[in-house]
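Peer 1: no sequence for this one, just the structure:
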């Protein structure tokens, strides 16, 4: 990999605007957001509800498209893509981790982890091997054939992390990943995120909890659809002042 | 995503709701089972009608006199006296496509044997009558051509008539009395039942010459039964007979025939078309229940899409394309309809097999009915699965994920 490729941002948002029409009235959820996230960063996106952090995450995760502005993930411009192309980007580039785990019920841990590879067209044998390996790596070797309702919250979140990692995405995108967990499991999952970051993964956590945000190396705060502050290690590095 | 994976996942979600799946399939089960069972019953009734008509004789044409009229009032078919014994001879002599000719005289007579006395139908005919209409003899024999020529006073009894007169005693060789004239019983017919018009077991048959001389006193016939040389020649034979009789009866070109010819093939095809129509009607009603079953599947699939909105959201978030979600739900509804179809085939086939045992028939379940109804079930699964599947695939991932 060349030096340029390494230094190229994974995420590049340029003047992103997202408007919704609610009851005939135009609501502007994002009002000109510009940000870049480099490879192997550990970023927390924070802000009160309604600040635009969820909308940012949806766009970042290719679940939604901006009304205006340019968004590139790993060099791919997203704005012009069709639904199925977005699905493919989500499948290959992004690993989602949700607050309520979002595992498929009636489906074993192993099968849940296999699912992204199934959509990617990975052959069954390789799929099974990679899924097993991913689950072993996060310490669930005894729970391969358990269904979500047979797993604790912490275990379920580990399965969903394994599922997020299994297609080797460029970005791990976690939406309040500890919101449904107790203190002990929260600590374990956050430690896992730090491990993943240490192993070279790019991690973005969306949260409103300061303790969670504190684990990140960079914190981007949102307010009223704009970036309020962008700080590293608790120290202010740059501020996108908007009027 | 390969089809096998999609089918596996369809089975998994169906297994998760077994009772509901079964109830959903019930509509298709009932539909397919009734299509198969009813078409089998229809086939059985068509077969039995064909059998009955064919039992009347093969390649049979029946010539009846026209209807007489008195002062403009028609007395009904067969009432005229336009058909005579020499007509039968002329048909035999002139018409190459006619194989056998059996003229028939009918009267009602009183038979006396000792103290027994019964009223029955007398049929005077020629010795070749059994060649035109199957007339199996159980005991003794039918009368011979020389007995017809010789005005022999011999009689063949229907099985029921023989029983009435003689009980369990043998009738052959006994002498009976018809309107005061003695006849020797030379045979008893095997039981045949009814031909749909008259009871074939209650009759007495004698040579037509004897009947004309002793009983009717004229050469007027009630009908002439004719067999054509083959099934294909029936129309030709009918034309020949028509022209022979019209010549003989000196009818001008504009005049109506004073006789009618009933073609057994025509009767058969009429009856067959009636039973076929009945079968089609029943099958059609059953097919409607298949459509209703399909609507049931669509209903449940729509419920299922709503219930699994979140699952659809998850699948989309981790990379499922529209087509994959669409295929998943479509395969599920096809699995339901095909499953219902197969259970329906088993039940319908079983029902038809039981009907076959009761009716002493086999091979009633037609492969075409099975293929048609299962094919129809698959089509229904696809047609009624498309709308829910499209609905599922069109869900927006964010909204689907947010759905509680």
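Peer 2: Arrived safely, thanks for sending. Given the structure is predicted, the values throughout are model-derived calculations rather than measurements.

Peer 1: Just give me the neighbour total for the closest residue to residue A:11 other than its chain neighbours.
Peer 2: Of all residues beyond its chain neighbours, the one nearest residue A:11 is residue A:37 (4.0 Å), with distances taken as Cβ to Cβ, 6 or more residues apart in numbering or on different chains. Where you see a C-beta, it was placed from the backbone N, CA and C, and this is true even at glycine. Counted with other Cβ atoms under 10 Å in any protein chain shown, the burial measure for residue A:37 works out to 22 neighbours.

Peer 1: Just to check, residue A:37 is in contact with residue A:45?
Peer 2: No: with the criterion set as Cβ atoms under 8 Å, residue A:37 and residue A:45 do not qualify as a contacting pair; they are 9.8 Å apart.

Peer 1: Kindly state the beta-bridge partners for the most centrally placed residue in chain A.
Peer 2: Taking Cα atoms, centre = their mean as the criterion, residue A:173 is the residue nearest the geometric centre of chain A, at 0.6 Å. Residues in a beta bridge with residue A:173, per DSSP bridges, are residue A:96, residue A:204.

Peer 1: Correct me if wrong: it contacts residue A:59.
Peer 2: No: Residue A:173 is not in contact with residue A:59 according to Cβ under 8 Å; the separation is 10.8 Å.

Peer 1: can you give me the helices for the chain?
Peer 2: Went with chain A since none was named. Taking DSSP state H as the test, the helices found in chain A are A:3-7, A:53-60, A:83-93, A:109-120, A:124-137, A:153-165, A:183-198, A:210-213.

Peer 1: please go with chain B instead
Peer 2: With DSSP H, the ranges of helices along chain B come out as B:3-15, B:18-55, B:85-94, B:129-132, B:145-149, B:159-166, B:208-210, B:234-248, B:264-307, B:309-317, B:322-359, B:367-393, B:397-402.

Peer 1: Model confidence score at the residue nearest to the centre of chain A, please.
Peer 2: Turning to residue A:173, the model gives it a pLDDT of 95.

Peer 1: residue contacts, it?
Peer 2: For residue A:173, the contacting residues are A:57, A:60-61, A:94-97, A:204, A:206, by Cβ atoms under 8 Å, 6 or more residues apart in numbering or on different chains.

Peer 1: who in chain A is up against chain B?
Peer 2: Selection of chain A residues close to chain B by Cβ under 8 Å from any Cβ of the partner chain yields A:58, A:61, A:63-64, A:83-84, A:87-88, A:90-92, A:96, A:98, A:102-107, A:115-116, A:118-121, A:163, A:167.

Peer 1: Quick check, central residue of chain B?
Peer 2: Compute the mean C-alpha point of chain B, and by Cα atoms, centre = their mean the closest residue is residue B:46, 1.9 Å away.

Peer 1: What residues does whatever residue of the stretch 151-300 of chain B ends up closest to chain A make contact with?
Peer 2: Taking Cβ to the nearest Cβ as the measure, the stretch 151-300 of chain B has residue B:300 as its residue closest to chain A, at 17.3 Å. The contact partners of residue B:300, by Cβ under 8 Å, 6+ apart, come to B:20, B:24, B:336.

Peer 1: Same check on residue A:170?
Peer 2: Under the criterion of Cβ under 8 Å, 6+ apart, the contact partners of residue A:170 comprise A:10, A:39, A:73-74, A:93-94, A:202.

Peer 1: Low-confidence regions, the chain specifically.
Peer 2: Using chain A here. Applying pLDDT under 70 to chain A flags residues A:1-7, A:233-243.

Peer 1: meant chain B, my bad for not saying
Peer 2: For chain B, residues meeting the criterion pLDDT under 70 lie at B:1, B:67-80, B:195-197, B:362-363.

Peer 1: Which residues of it lie near chain A?
Peer 2: Counting by Cβ under 8 Å from any Cβ, the residues of chain B that sit close to chain A are B:1, B:5, B:12-13, B:16, B:310-311, B:313-324, B:397-398, B:401.

Peer 1: buried subset of these?
Peer 2: When burial is judged by neighbour count using 16 or more other Cβ atoms under 10 Å in any protein chain shown, the buried members of the residues of chain B next to chain A are B:1, B:5, B:13, B:310-311, B:313-322, B:324, B:397-398, B:401.

Peer 1: Which residue, other than its chain neighbours, is closest to the residue in chain A that chain B sits nearest to?
Peer 2: For chain A, the nearest residue to chain B under the criterion Cβ to the nearest Cβ is residue A:91, separated by 2.4 Å. If you skip the residues right next to it in sequence, residue A:91 has residue B:319 as its closest partner in space, 2.4 Å away by Cβ to Cβ, 6+ apart.

Peer 1: Tell me how far the one you found lies from residue A:210.
Peer 2: As for residue B:319, its distance to residue A:210 is 33 Å (criterion: Cβ to Cβ, to the nearest Å).

Peer 1: neighbours of residue 140, just the number please.
Peer 2: Reading this off chain A. 22.

Peer 1: other chain: chain B
Peer 2: Neighbours of residue B:140 using other Cβ under 10 Å come to 18.

Peer 1: Show me what it is bridged to.
Peer 2: Each beta-bridge partner of residue B:140 is listed here, defined by DSSP bridges: residue B:187.

Peer 1: burial measure for residue B:382, as a count.
Peer 2: Using other Cβ under 10 Å, residue B:382 has 16 other residues around it.

Peer 1: Hmm, residue B:332 and it touching each other?
Peer 2: No: using Cβ under 8 Å, residue B:382 is not in contact with residue B:332, being 11.5 Å away.

Peer 1: Now do stretch A:37-57: distance from first to last residue.
Peer 2: End-to-end span of stretch A:37-57 (Cα to Cα, to the nearest Å): 13 Å.

Peer 1: Identify all contacting residues around stretch B:7-17.
Peer 2: Applying Cβ under 8 Å, 6+ apart, the contact partners of stretch B:7-17 are A:106-107, B:21, B:304, B:308, B:328, B:331-332, B:335-336, B:339.

Peer 1: for stretch B:392-404, same thing?
Peer 2: A:58, A:63-64, A:98, A:102, B:305, B:308-310, B:312-314, B:316-317, B:322-323, B:325-326, B:328-329.

Peer 1: that older thread, got the helices of chain B as CSV, with distance to residue A:141 columns?
Peer 2: As requested, the helices of chain B are exported to CSV (distance: least, Cβ to Cβ, whole Å):
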stretch, distance to residue A:141
helix B:3-15, 24
helix B:18-55, 32
helix B:85-94, 99
helix B:129-132, 90
helix B:145-149, 102
helix B:159-166, 88
helix B:208-210, 102
helix B:234-248, 85
helix B:264-307, 33
helix B:309-317, 24
helix B:322-359, 30
helix B:367-393, 35
helix B:397-402, 29
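
Peer 1: Any idea which of the ones you listed gets closest to residue A:216?
Peer 2: Between residue A:216 and these, the shortest gap by Cβ to Cβ is with helix B:309-317, which sits at 22.5 Å.

Peer 1: Quick one: list the elements packing against the closest one.
Peer 2: Contact analysis of helix B:309-317 by 3 or more Cβ pairs under 8 Å, 6 or more residues apart in numbering or on different chains; DSSP states H and E lists helix A:83-93, helix B:322-359, helix B:397-402 as its packing neighbours.

Peer 1: I'm done for today, thanks for sticking with me.
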